[in-house]
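> Sequence first, predicted model second:
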Amino acid sequence: MRDVYDTIVNCDECTKPTEKCESIKDGFMIRCWRCNNCRKQWLHPGDLEEYKRFIELKRKDFEVKLRQVGNSWSVSIPKEIIRFEEVSQTKVIRMSLDEPGKLSIFFQRVRRTY
Ligand SMILES: [Zn+2]
C-alpha cells in the first residue's frame, strides 16, 4: 500500500504545492509537508501517532530487576520498550556508561528517512 507521504499535497490556504520536510522532536523524526508560500506545516499522521507512543514511554519511569547471570549482570527491559524498538529476536546492542550512575543502551533502530 502506498503511503500518504508519496502523494503531492497542496496547501489549503494558498493552493500551492507543498514541499516535503522532516521535523525532529525529542530526537524523533516526523515527516511533514511545508508550504513555502505561507509557511504552514502539516505533520505526517502516522509518524505523529508513533511520536505520541514514544512520548508516553518517555514519561514512564520503569523499575527493573538487575541480577547476576554467570560472570555478567542482566537487566530486564520492559516489553513496551522492546515492542516500540521493534526488537523481535536476540541481538547485539551497544551500551555505554555515560556518567557515574547512568547507563545508556542503543538499540540502533533504523528509522525511515525517505
Ligand atoms: Zn500556503
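Looks like it arrived, so ask away.
> how about the residues of this protein near the ion?
Cys11, Glu13, Cys14, Cys35, Asn37, Cys38 (Cβ under 5 Å from the ion). C-beta coordinates here come from the backbone N, C-alpha and C atoms, glycine included.
> out of those residues, who's nearest Lys25?
Minimum distance to Lys25 across the residues of the chain next to the ion is 19.6 Å, recorded for Cys35 (Cβ to Cβ).
> Could you report the pLDDT at the closest one?
pLDDT recorded at Cys35 is 96.
> Now the phi/psi pair for it, please.
Backbone dihedrals for Cys35, given as degrees, to the nearest 10, come out at phi -90, psi 120.
> residues in contact with it?
By Cβ atoms under 8 Å, 6 or more residues apart in numbering, Cys35 lies in contact with Cys11, Glu13, Cys14, Lys16, Thr18, Glu19, Gln41.
> Go again with 10 Å.
By Cβ atoms under 10 Å, 6 or more residues apart in numbering, the residues touching Cys35 are 9-19, 41-42.
> mind listing the strands for the protein?
Using DSSP state E, the strands of the chain run over residues 19-25, 28-34, 41-43, 66-69, 72-75, 94-99, 102-106.
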